[in-house]
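> Structure for this input, please:
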Amino acid sequence: MKIASTAVQNLVKDAETDVYYVRVRVNGRLIIRSLDTKTFTTAKLRLPDKIKEIREAEPQGEATQGGLQRDATFQDAADRYTALVNANPQLEPASREARLRPLATLKRTWPDLFQMEIRRIQPVSIKNYISDFERGKWPYLPTRAKSKTVAGNSPSTFNKLVTCLRGVFDLAVADHVIAKNPAAELTYKPLRQKLLRLPSKTQFAKIVHHIRTRAGKGRIAGDLVEGLAYSGLRVEEANTLFWEDLDHERRMVTVKGTKTAGSARIIPMTPAFFDLTLAIKSRRENASGMSIRPSEKVFEASEALMSLSSACEAVCVKKMTHHDLRHLFATTCIESGVDVPTVAGWLGHVDGGVLAMQTYGHIRPAHSVEAAKKVAFV
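Numbering: from 1, shown residues only. The predicted structure follows:
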C-alpha cells in the first residue's frame, strides 16, 4: 500500500488502488481501516462513523498492540503490510498473492533484512541491494523447473519488489518510527515490450479444427478455446461463466471478474461468441432432451492447454496459452477497427487503454502490410 494524504484529517488514500482509508491513532496505536470506496465524497461521509467504530472497539486505558514501536524490525513492518494487503476488499486472491510475493523474494535474497531495526536501515543499503538484484545476483530454480535456473530480475519482478519495499517502509513512516522512506528514491524499470506471435485467421481455424476432431475431450476443449478467443475472457473468468450471465436477446455478457474488483464488467458479444454459445446450448439440450439450467456453466472444460499445444505443433505455429487467446481477441478487434480504449474496457482494464496500447500497439504482419499500402505521400 502506498499511502497518500488528503485535505481531510484522518482520511488517506491508497495511491495504487485509489481506495480511501481512515487513519487514526487510538491509545498510541495507529490504525488504518478501509472505507470500501474510491469516491472522495462517500469516504468523507463514512469517515466519522468509522472513526467512532474504531475507538469504541479499542480497549480504553491501556496501550494496544499492533502499532509499530520505535525498535520495530523490518519483519514487524512486513507483518503489518501483509495484514493490510490481505484485508483489502478491493483485491482478489491472485492480486494479493502478487503483492506479497516480493516478501518471499526478499527472504531468499536478503534474509538478514528482516531482523534489522527499521530505523537502522539506510537508503544506501537499499540502493546497493537493489543494484545487486537488478544485475541478477541471486538466480534460483523455479518450482516446476528440473535444472535450469533463472535470474529472477525481470522488469515486472523488479518493479513489484520496489513497490513492496516502499509499502513496508511507508507504514514505518506513518507510525513515526522513521521520518523518511529509505526506498523512496528507487525508480521503476520500463517493462519490455512483448512481441506477440499470433496465428493468422486461417491458422487459428486449423487449430480449432485439429482440437475438435480429437477423440475424448476434443469437443469441449474446442468450445473453450473458441470461447476465449471470441470473448477476450481470462480462463478463470470463463470457468465462472454461467448461462444466466448470457443475455442473447441483448447480446451482452456479464463477467464477474477474477483478477480485481474492477475487472467485473458487462460486455457485448461478438458475432462469433454469440453463434458459438447458441451452438453449445443447442447441442447440449439436444443431447440431454432438457433445457439448459441458468445455473449451469457455459464451458464444460476448465482448461485446454494440452489440446492447444498439440494443435499448434500440428499446424506449425508458435505454442499458445490460454492468455494468448485473449491477446488474439484484442488484436483481432483492433485490426477490425475497434478503438483501443473500447477494447481495453472489454478486457476489464481500468486504465483507459494504457496497458492495451502498450501490449497491442502493433498489428500482425499481414495486416500491417495491407495498411502500409494505403499510405500515400503525393
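> What residues of stretch 279-289 count as buried?
Using 16 or more other C-beta atoms under 10 Å as the test for burial, stretch 279-289 gives 280-281, 284. Placement of C-beta: from N, CA and C, glycine included.
> Now intersect these with the helices, please.
If you go by DSSP state H, the buried residues of stretch 279-289 have 280-281, 284 in helices.
> returning to that earlier point: nearest to residue 218 among the buried residues of stretch 279-289?
Nearest to residue 218 out of the buried residues of stretch 279-289 is residue 280 (C-beta to C-beta; 14.2 Å).
> my guess is residue 247 contacts residue 253, does it?
Yes: at 7.5 Å, residue 247 counts as touching residue 253 under the criterion of C-beta atoms under 8 Å.
> between the buried residues of stretch 279-289, which is closest to residue 140?
For the buried residues of stretch 279-289, the nearest to residue 140 is residue 280 (43.0 Å; C-beta to C-beta).
> Pretty sure that closest one sits against residue 224.
No: assessed by C-beta under 8 Å, residue 280 is found out of contact with residue 224, at 10.2 Å.
> joint contacts of those two?
residue 299 (C-beta atoms under 8 Å, 6 or more residues apart in numbering).
> Specify which residue of residue 247 and residue 253 has the higher count of neighbours.
Between residue 247 and residue 253, residue 253 has the larger neighbour count (other C-beta atoms under 10 Å), namely 24 against 12.
> buried residues in the helix or strand the more buried one falls within?
Using DSSP states H and E, the element containing residue 253 is strand 252-255. For strand 252-255, the neighbour count (16+ other C-beta under 10 Å) marks 253, 255 as buried.
> partner strands of it, parallel or antiparallel?
strand 246-247 (antiparallel), strand 265-268 (antiparallel) (DSSP bridges).
> and residue 45, which of those is closest to it?
By C-beta to C-beta (comparing all of the strands paired with strand 252-255), the closest turns out to be strand 265-268, at 26.7 Å.
> So what would you say the end-to-end distance of stretch 290-301 is?
20 Å (C-alpha to C-alpha, to the nearest Å).
> quick one: buried residues of that stretch?
Taking 16+ other C-beta under 10 Å as the criterion, stretch 290-301 shows 292, 298-299, 301 as buried.
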